[in-house]
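Trainee: Prediction below, plus the sequence it came from.
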Amino acid sequence: MGKCSFEWWHAPIYFAVSVVLAFFAISTALNSTATSHSATPPIKAVADELSINASRALRRAGFNTIATLLQVSPEHFFSPQNSTIFAIKDSAISNTSLPPWLLKNLVQYHTSPSKLSMADLLKKPQGVCLPTLLAPKKIAITRMDSTARLVEINHVLVTDPDIFLGGNVSIHGVLGPFSPLDPLDVHQGWSFIQAPFCDSTATLISDSLENKKGVEVEWRRIIRWLSANGFVSYAIGLQSVLEGILQDFEGLRSITVFAPPNLASVASSSPVLTRAVRLHIVPRMVTYKFLASLPARTSFKTLVSGQDLQVLGGVRVPRGTVVVNGVEIVSPEIFRSRNCVIHGISRSLETASLPHLSR
């Protein structure tokens, strides 16, 4: 019995120490940059003054992990003007093992550069987006019930409102992280934080975090798969233009992706990249067997208005393979889900200069 108590008591300590070391690593790595640019004294003064009191308030409320991070590296939480920190419950992150820089991203994504009390949050309309320190990613108020005084952000409940209100800082406790801690994402920092998509008026336009039970295209899963299976440049391109696709093709139910091994346009301007990525997507599921059985020169619409894909298949091409716009499908159906199929192709499809990108 004594041994069990000993191990239970030490578990959070070991985790806290590992977290502290991780953040010291971050701070050390950033120190040279910070010293080469003159630090802003007001920010440092505010951080020093508030971090101790804020950390104590967090510990009293049971948020020991975030309290430790805040006390060790307050500069990752405080913005030059105001800050609202959404502290994650210990139980939701105590078993995660993230590299220091990803942990820093997670902390910054849970901090908004404005001071918002619970009363302020309750005045916000449902669907409004808030900026974070991890720009340009935003968080969104996905549920609002002013009568019951309930607020959900990214579908995560604010469980402990107004843990700390002092100076230019507000702290609220939340049930879990605003972005799923998927182990597959740990290996790809650029897509680690899954944020909702908001328009220029800070209004939610597409909720990538909502459980749609497979009704709509699982874009995040597709991007992760592409990145993990050798289609990195196309995955990066798709990630970059995804917001525009969600705006122009709201409610898209299924897709076929013709994935190239390399996408030269990934370093191009936004219109060129958008057109290149969209050309490789057909807004319906098309299996390889179906492609091979089609009449000669059958066309499929793509996400580029006016530029279709023309298919040749079966005995009409060498080796009985299928060719799309002159490019061979070399790895048919390498990914298939309820609403998406991916075919690997030998090279990128060539785009025409078109003024219109969407339907």
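Mentor: Looks like it arrived, so ask away.
Trainee: just the strands in the stretch 251-359 of the chain please.
Mentor: According to DSSP state E, counting those that start in this stretch, the stretch 251-359 of the chain carries its strands in the segments 255-259, 281-282, 298-300, 309-312, 323-324, 327-336, 340-345.
Trainee: TSV for those strands, including distance to Glu243, mean pLDDT and mean neighbour count?
Mentor: Using the backbone N, CA and C atoms, a C-beta is placed for each residue, glycine as well. Listed next are the strands of the stretch 251-359 of the chain as TSV, based on distance: least, CB to CB, whole Å; pLDDT from 0 to 100; neighbours: other CB atoms under 10 Å:
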stretch	distance to Glu243	mean pLDDT	mean neighbour count
strand 255-259	16	97	24
strand 281-282	15	98	22
strand 298-300	24	93	14
strand 309-312	24	90	19
strand 323-324	26	94	20
strand 327-336	22	94	17
strand 340-345	19	96	22
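Trainee: Switch those strands over to CSV; also include distance to Lys104.
Mentor: Listed next are the strands of the stretch 251-359 of the chain as CSV, based on distance: least, CB to CB, whole Å:
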stretch, distance to Lys104
strand 255-259, 32
strand 281-282, 34
strand 298-300, 44
strand 309-312, 42
strand 323-324, 42
strand 327-336, 32
strand 340-345, 32
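Trainee: Nearest to Pro80, out of those strands?
Mentor: Counting by CB to CB, Pro80 lies closest to strand 281-282 out of those; the figure is 41.1 Å.
Trainee: Which elements pack onto the closest one?
Mentor: Contacts defined by 3 or more CB pairs under 8 Å, 6 or more residues apart in numbering; DSSP states H and E place strand 281-282 against strand 255-259.
Trainee: repeat that with 10 Å
Mentor: Strand 281-282 is packed against strand 255-259, strand 340-345, with contacts defined by 3 or more CB pairs under 10 Å, 6 or more residues apart in numbering; DSSP states H and E.
Trainee: May I see these organised as CSV, with distance to Asp48 added?
Mentor: Converted to CSV, the helices and strands packed on strand 281-282 look like this (distance: least, CB to CB, whole Å):
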stretch, distance to Asp48
strand 255-259, 51
strand 340-345, 50
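Trainee: Relative to Val327, which of those strands is closest?
Mentor: With CB to CB as the criterion, Val327 lies closest to strand 340-345 of these, at 5.0 Å.
Trainee: now that closest one, how far from the chain's geometric center?
Mentor: 23 Å (CA atoms, centre = their mean, to the nearest Å).
Trainee: And for stretch 127-139?
Mentor: When distances are taken as CA atoms, centre = their mean, stretch 127-139 is centred 11 Å away from the chain's centroid.
Trainee: Determine how far the last residue of stretch 51-69 lies from the first.
Mentor: Terminal residues of stretch 51-69 lie 10 Å apart, using CA to CA, to the nearest Å.
Trainee: for stretch 112-130, same thing?
Mentor: End-to-end distance for stretch 112-130: 7 Å, by CA to CA.
Trainee: Now that stretch: buried residues?
Mentor: For stretch 112-130, burial by neighbour count (16 or more other CB atoms under 10 Å) applies to Ser112, Pro113, Lys115, Leu116, Met118, Leu121, Leu122, Gly127, Val128, Cys129, Leu130.
Trainee: How far away from the center of its chain is it?
Mentor: Using CA atoms, centre = their mean, the offset of stretch 112-130 from its chain centre is 21 Å.
Trainee: Now do the contacts for the residue nearest to Ala61 when sequence neighbours are not counted.
Mentor: The shortest distance from Ala61 to any non-neighbouring residue, by CB to CB, 6 or more residues apart in numbering, is to Ile163 (4.9 Å). Shown in contact with Ile163 (CB atoms under 10 Å, 6 or more residues apart in numbering): 54, 57-58, 60-63, 66-67, 85, 87, 118, 170-173.
Trainee: In which helix or strand does Ile163 reside?
Mentor: Using DSSP states H and E, Ile163 sits within strand 156-166.
Trainee: For that strand, which residues meet the burial criterion?
Mentor: For strand 156-166, by 16+ other CB under 10 Å, it's Val156, Val158, Asp160, Pro161, Ile163, Phe164, Leu165.
Trainee: Between the residues you listed, which sits nearest Ile205?
Mentor: Out of the buried residues of strand 156-166, the member with the shortest distance to Ile205 (by CB to CB) is Val156, at 19.5 Å.
Trainee: does the closest one really touch Leu150, like I thought?
Mentor: No. Under the criterion of CB atoms under 10 Å, Val156 makes no contact with Leu150, lying 11.8 Å away.
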